[in-house]
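*Asks:* sequence and computational prediction follow.
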Amino acid sequence: MKLSQYYIPTLKEAPKDADIISAKLMTRAGLIRKTASGIYEWLPLGLRVLKKIENIIREELDRAGCNEVWLPVVQPQELWEESGRWTYYGKELLRFKDRKGAGFCLAPTAEEVITKLVSKDVSSYKQLPLCLYQFGTKFRDEIRPRFGVMRAREFYMKDAYSFAADEQSANEWYQRVYDAYVEIFTRFGFKFKAVEADTGAIGGNFSHEFMVLAQTGENEISVCPKCGYSANTEKTEIKAPSAAEQQGLREIEEVSTPNMRTIAELANFLNRPQENFIKMLIYKADDKPVAVLMRGEDELNEIKLRKFLSANEVEKADAELYAKIASSDLGFAGPVGFKQKNPNVKLLADNYIKTIVNGVAGANKLDTHLLNVNFERDFTPDAYGDFKLASKGDACPHCGAKFDFIRGIEVGHTFKLGTKYSAAMNANFLDEKQENKPMIMGCYGIGVSRVLAAAIEQSHDDNGIIWPEAISPFDICLIALDGEGEVKKKSDEVYQRLSELGYSVLYDDRDERPGSKFKDADLVGIPHRLVVGKKLLPEGKLEYKSRYAAKADFWTFAELEEKLKKTAVNISNAR
RNA sequence: CGGGGAGUGGCUUAGUGGUAUAGCGCUCGCUUGGGGUGCGAGAGGUCCCGAGUUCGAUUCUCGGCUCCCCGACCA
């Protein structure tokens, strides 16, 4: 591709609203432009990379035996009502009406459509298993889009869905796609890790997230250094600590704690460590109030709470509900006497509560706390459980080692769905015994546009992008340092030859200053660069420089030819 | 949704109660030619929108919209 005829508007400065390095570089290098918050235009160079990524994914999924389809972006309300997600999905689902007033949404994912599709055409176990996938635009009306295309509202995604007749076959397919994902992300050149994750709005039995390791990642990952268990921190289970020996228990004492509303203030005021505090959080789980006891400095993991209660939704109680239940203002709720006052409100306690002896708790009375509160003696929760968001010091539930924490970008997610959608939408089949059964499903996503951004996050320098070979928009960048004369003539020849050999070449034939050409080449980040210039041409040589290396080499044209034939310059197309 | 900040040529920005600054980019001429060359001449702006205050508002006030940041939410 001749740069003189190619639309790559590069910028010296990044727009001020670009918030991370990949967004800055993608804008500067002319891959994308922003249309609106979380919505982007993809320019030729960006699209090329997207297609590269897409092709690798397609190759591996086809190899695994999946079939590509193309599903609608605009999906009818009824379908979403059938699965129950028209209500459950919430505001993230962008809804609208057509001219007749019928409800539609823009697809954030496609379980409904695909399940319906398969249910219509598959009715026998003989037609299973089956795995379909598509590439398509997805829309999720995020509350706060940010990080460029990393967390966009409109994005490009590959989504796959497997249908199986029995558990074993379903698990085999899960593993098959999982393995394909490992191959895909390896081919992209990623440093990544598959971790256990929450299933969120998609639902299902369990899931894995594929995380590209990067300091700028939005997700925190807990990794057990001993047994290898790793999970998204929001999902990480914690080994229950051993209960404290209840010795030297003192009598409860009431203390006045005026205006002490935070644990930190209290700890300071009473001169006690935060882990000695029992805080009470009031939640609403599907509109029913529930109280949870946590250790002072610990954070409640709402996902764990939701799971424990099998609730669809949990949210913090508002001030009114809090006041009613705690008979106090925010900050003074406590477990002592709580059940007597609220026999119908479930009282839960985090496992760590059992480590507290002679603790401090709210007195359910304004500006008052209780000292020397002890579990069992002074209060008995309805249940203990693991409600704590994993943090430093917590231990692996499998082997007891303390967790390490790293950050990652979620580029892929595999779900073992079970029969959640097939049961809701009557995707049934007849088995050998003539029994009607719902298909067992799995679903599998890769954020294609996010993969691109993650690649840049993981591989760039001060001058610009450094593409991994597999997804680079071009194999080779060729620069003619003169826009005319001998240099241009020779460059044209080289370009011609490279193209003949099947390399994709970005050829800078513009009438620009050498400096501009070098800067643009570094910014755009093609792995291999050839330069034809006045300095070396009389010696019959040209320069070769790898974007991965600091030093350049000088080759004669004969040497270039030889290397190209031996494919010493590795090219992705050669696969 | 709560808190904070910002909207001035394509991009980055200065500034002002009397319609606007500079750099980059763009066009033209000369110059230069291995890391964004130098000089000169140009084109390009409803100063986010609406209302109010004022003789006069891009500037002050209010409302709205958009964008950004922190949090909550989502995954």
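*Replies:* That came through fine.
*Asks:* mind checking how far the helix or strand where A:Leu266 lies is from the chain centre?
*Replies:* Using DSSP states H and E, A:Leu266 falls within helix A:263-270. Relative to its chain's centre, helix A:263-270 lies at 37 Å (C-alpha atoms, centre = their mean, to the nearest Å).
*Asks:* flag every buried residue along it.
*Replies:* Going by neighbour count (16 or more other C-beta atoms under 10 Å), the buried part of helix A:263-270 is A:263, A:266-267, A:270. In this view, the C-beta of every residue, glycine as well, is placed from N, C-alpha and C.
*Asks:* same list, those residues, but as CSV with distance to A:Ile465 and pLDDT please.
*Replies:* Listed next are those as CSV, based on distance: C-beta to C-beta, whole Å; pLDDT from 0 to 100:
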residue, distance to A:Ile465, pLDDT
A:Ile263, 45, 78
A:Leu266, 50, 81
A:Ala267, 48, 83
A:Leu270, 54, 87
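*Asks:* which one of the residues you listed is nearest to RNA strand B?
*Replies:* Comparing the buried residues of helix A:263-270 against RNA strand B with C-beta to the nearest atom of the strand places A:Ile263 closest, at 15.1 Å.
*Asks:* show the pLDDT at the residue lying closest to the closest one once chain neighbours are set aside.
*Replies:* Nearest non-adjacent residue to A:Ile263, counting by C-beta to C-beta, 6 or more residues apart in numbering: A:Gly296, 4.4 Å away. A:Gly296 carries a pLDDT value of 84.
*Asks:* A:Ser572 now?
*Replies:* Looking at A:Ser572, its pLDDT reads 40.
*Asks:* lowest-confidence helix or strand of chain A?
*Replies:* Least confident helix or strand, chain A: helix A:319-326 with a mean of 78, by mean pLDDT, DSSP states H and E.
*Asks:* what lies in contact with the next helix-or-strand element following it?
*Replies:* Next helix or strand after helix A:319-326 toward the C-terminus (DSSP H and E): helix A:338-341. Contacts with helix A:338-341, where a contact means C-beta atoms under 8 Å, 6 or more residues apart in numbering, come from A:280, A:291, A:327, A:345, A:347, A:364, A:379-380.
*Asks:* out of the residues you listed, which two sit at the greatest distance?
*Replies:* Longest distance between any two of the contacts of helix A:338-341 is 19.5 Å, between A:Ser327 and A:Thr380; criterion C-beta to C-beta.
*Asks:* between those two, which one's more packed in?
*Replies:* More crowded of A:Ser327 and A:Thr380, by other C-beta atoms under 10 Å: A:Ser327, with 17 against 12.
*Asks:* tell me who's in contact with that one.
*Replies:* A:Ser327 is in contact with A:341, A:364-365, counting by C-beta under 8 Å, 6+ apart.
*Asks:* can we see that at 10 Å?
*Replies:* A:Ser327 makes contact with A:333, A:337-338, A:341-342, A:363-366, according to C-beta atoms under 10 Å, 6 or more residues apart in numbering.
*Asks:* from the residues you listed, which would you call buried?
*Replies:* Buried members of the contacts of A:Ser327, scored by 16+ other C-beta under 10 Å, are A:333, A:338, A:342, A:363-365.
*Asks:* can you name the residues that contact whatever residue of the stretch 301-450 of chain A ends up closest to RNA strand B?
*Replies:* Residue of the stretch 301-450 of chain A nearest RNA strand B, by C-beta to the nearest atom of the strand: A:Glu302 (5.2 Å). Neighbouring residues of A:Glu302 by C-beta under 10 Å, 6+ apart: A:234, A:281, A:283, A:285, A:292, A:311, A:313-316, A:387, A:389.
*Asks:* okay, the residues you listed in CSV with pLDDT and secondary structure next?
*Replies:* Formatted as CSV, these follow (pLDDT from 0 to 100; DSSP: H, G, I helix; E, B strand; the rest coil):
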residue, pLDDT, secondary structure
A:Glu234, 86, coil
A:Leu281, 87, strand
A:Tyr283, 87, strand
A:Ala285, 84, strand
A:Val292, 91, strand
A:Ala311, 80, coil
A:Glu313, 75, coil
A:Val314, 80, strand
A:Glu315, 80, strand
A:Lys316, 81, strand
A:Phe387, 92, coil
A:Leu389, 89, coil
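*Asks:* RNA strand B next: which of the residues you listed are close?
*Replies:* Among those, the residues lying close to RNA strand B (C-beta under 7 Å from any atom of the strand) are A:234, A:313, A:315.
*Asks:* of these, grab the buried ones for ChimeraX.
*Replies:* Selection of buried members from these for ChimeraX, criterion 16+ other C-beta under 10 Å:
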select /A:234
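*Asks:* nearest to A:Leu117 among the ones next to RNA strand B among the contacts of A:Glu302?
*Replies:* Comparing these against A:Leu117 with C-beta to C-beta picks out A:Glu313 as the nearest, at 29.3 Å.
*Asks:* what sits against the spatially closest residue to that closest one that is not a sequence neighbour?
*Replies:* Leaving out its chain neighbours, the residue that sits closest to A:Glu313 by C-beta to C-beta, 6+ apart is A:Asp286, at 5.9 Å. Shown in contact with A:Asp286 (C-beta under 10 Å, 6+ apart): A:306, A:309-315.
*Asks:* could you do A:Arg306 as well?
*Replies:* Neighbouring residues of A:Arg306 by C-beta under 10 Å, 6+ apart: A:198, A:283, A:285-286, A:312-315.
*Asks:* so where's the stretch 301-450 of chain A shaky on pLDDT?
*Replies:* The model of the stretch 301-450 of chain A has no residue with pLDDT under 70.
*Asks:* where do the strands of it begin and end?
*Replies:* For the stretch 301-450 of chain A, applying DSSP state E, counting those that start in this stretch gives strands covering A:314-316, A:346-350, A:359-362, A:368-373, A:383-385, A:404-418, A:428-430, A:436-438, A:440-447.
*Asks:* still on that earlier bit, and the contacts of A:Ser327 as a markdown table, adding distance to A:Ala453?
*Replies:* Shown next, in a markdown table, are those (distance: C-beta to C-beta, whole Å):
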| residue | distance to A:Ala453 |
| --- | --- |
| A:Ala333 | 43 |
| A:Gly337 | 53 |
| A:Phe338 | 48 |
| A:Lys341 | 52 |
| A:Asn342 | 48 |
| A:Ala363 | 51 |
| A:Asn364 | 49 |
| A:Lys365 | 52 |
| A:Leu366 | 50 |
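*Asks:* dump those to JSON lines, plus distance to RNA strand B.
*Replies:* Below are these laid out as JSON lines (distance: C-beta to the nearest atom of the strand, whole Å):
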{"residue": "A:Ala333", "distance to RNA strand B": "18"}
{"residue": "A:Gly337", "distance to RNA strand B": "28"}
{"residue": "A:Phe338", "distance to RNA strand B": "23"}
{"residue": "A:Lys341", "distance to RNA strand B": "26"}
{"residue": "A:Asn342", "distance to RNA strand B": "23"}
{"residue": "A:Ala363", "distance to RNA strand B": "27"}
{"residue": "A:Asn364", "distance to RNA strand B": "24"}
{"residue": "A:Lys365", "distance to RNA strand B": "27"}
{"residue": "A:Leu366", "distance to RNA strand B": "23"}
